[in-house]
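Q: Have a look; sequence and predicted model below, questions after that.
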Amino acid sequence: MGIIGKYWRGGYSLGASFWFGFVLLAAGYHYLEPVLLAPFADQPALYTTVAVAYVAVCRLIVFPWQVVGLLKASDRHYLAYGRAWVRYGVQAVIVLGLAFTAAHVIGSVQSLLIYKDMKEFLAESENRDYSVVVLDDGRTIRLSGPLDFGITKTVEDFLAGHPRINSIVLESEGGQIYEGRGLAMLIEKYGLDTYTFESCSSACTTAFIGGEKRYLGTGARLGFHRYRMDSAKTLQYHKYYDMDVEHTKDMDLFRKKRIKAAFLDRVFETPHDRIWFPDAETLIDAGVITGLVDGG
C-alpha cells in the first residue's frame, strides 16, 4: 500500500508519475484486456462477468487513482519549478485520457451487448436455415443445413426431451466455429455416435469428431480446411475471433480423440477457399472414422 498511497499523494516525481503511473500502466491494462478475456469466449456468462469486472476495476477505480496522483504530482512540480506550460500539458493529457476512457467504457458496453446477441441468437431466429429432427426410431437426430447461431441449443433441447437418443446424423457444409465446437462437446457429453451419409465439411467435421463412434456412409465424405470469417453474421463479431486460436482449440478436440499426428498436420492445411476430402481408407487409418456403413 506504500507505493499506492505515495502515488495518490503525488509523492513521486512528475516524470515517474506520468510515464510509469499513468502512461505505461494505462497501456498495460488496455492491451491485457483482450488477452485476459480470450479464454472465456466460449462461456458467455463468465465472459461477461470477467469483462464487466475488469472494466470496472481498471477504468472506474484504477484510472481515477491515476488521474488524482498525476494531478497532485503536477501541482507539486508547478510549486517547485513554476512551469505553467508543463502543468497545462499534463492537464490536457488527462482530459484526452478521460475522453478515451469514456469512449472505451461505452465501447465495452456496446461490445458486450453485441456479444450477448451473438451468443443468444438461437433457434427462434427467423433466418434459421438448418433443420433438426428426431427420426422415426426415436434414437437418432438428423441435423442438416448450416451450423448457424443457436443450433447447439436446439440440439440440446432435443436431447433433453428424448432421453433414448444415442446417435446423430450430420449433413452440413459447415457454419459458425463456436457452434461446431459446441456440438462436439454436446455430442461427447451425451455419448452419441456420429454419422454422415452425404457430406460434412468445415465446422461440421468438428461436431462429427465429438462422436463416441464415428461412421461414414458409403459415398459420403468429410471435408477439412482452414477457417475464415466472411459471412454477414460473423463479420460484426470479428474482435471475438482469432482464427489461429480457433484452429488450436479444435485441434485439441481432434487430439483428444487420438487422431494420428500425420492426419492432424493436414486438418487445417488446406486454404479456406478449397476443401480437402480424404478418402475412406485415410480416415479409417487415422482414426477419424470407426468404419463405413451402408444406407441413409
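A: Arrived safely. From a predicted model like this one, the values you see are computed outputs, not experimental measurements. Residues are numbered from 1 along each chain as shown.
Q: quick check: domain ranges of this protein?
A: Listed domain ranges for the chain are 2-120, 131-293 (source: automatic domain parsing).
Q: Could I get the ones you listed in a markdown table, plus columns for mean pLDDT?
A: Below are these laid out as a markdown table (pLDDT from 0 to 100):
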| stretch | mean pLDDT |
| --- | --- |
| domain 2-120 | 87 |
| domain 131-293 | 87 |
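Q: For those, state which one has the densest average packing.
A: Scoring these by mean neighbour count under mean count of other Cβ atoms under 10 Å gives domain 131-293 as the most buried, with a mean of 18. C-betas here are computed from N, CA, C, even on glycine.
Q: chain center to that one, what's the gap?
A: Centroid separation for domain 131-293 versus its chain: 17 Å, with Cα atoms, centre = their mean, to the nearest Å.
Q: Okay, and Gly28 sits in which element?
A: Assigned by DSSP states H and E, Gly28 falls within helix 25-37.
Q: brain fart, Pro278
A: Going by DSSP H and E, Pro278 is not in any helix or strand.
Q: Use 36 as the first number for this chain going forward.
A: Got it, the first residue is 36 from now on, which makes the last one we talked about Pro313.
Q: how about Tyr250, secondary structure?
A: The assignment at Tyr250 comes out as strand when based on DSSP: H, G, I helix; E, B strand; the rest coil.
Q: tell me the secondary structure for the closest residue to Gly173 other than its chain neighbours?
A: Once flanking residues are discounted, Gly173 sits nearest to Arg199: 5.4 Å by Cβ to Cβ, 6 or more residues apart in numbering. Following three-state DSSP, Arg199 is assigned to coil.
Q: and Arg199, how far is that from Lys188?
A: Distance, Arg199 to Lys188, by Cβ to Cβ, to the nearest Å: 20 Å.
Q: And for Glu68?
A: Going from Glu68 to Lys188 by Cβ to Cβ gives 28 Å.
Q: Same check on Leu131?
A: Plainly put, Leu131 is 44 Å away from Lys188 if you go by Cβ to Cβ.
Q: what sits against Leu327?
A: Residues near Leu327 by Cβ atoms under 8 Å, 6 or more residues apart in numbering: 250-253, 315, 319.
Q: what helix or strand is it on?
A: Assigned by DSSP H and E, Leu327 belongs to strand 326-328.
Q: quick one: strands adjacent to that strand?
A: Neighbouring strands of strand 326-328 in its sheet, by DSSP bridges, are strand 249-252 (parallel).
Q: May I have the partner strand as CSV, with CA atoms only?
A: The C-alpha atoms that make up strand 249-252 are tabulated as CSV, following Å, rounded to 0.1, in the frame of the first residue of the first chain:
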residue,chain,number,x,y,z
ARG,A,249,-18.0,-42.2,-35.9
TYR,A,250,-19.4,-43.7,-39.2
LEU,A,251,-19.2,-42.6,-42.8
GLY,A,252,-21.8,-43.7,-45.3
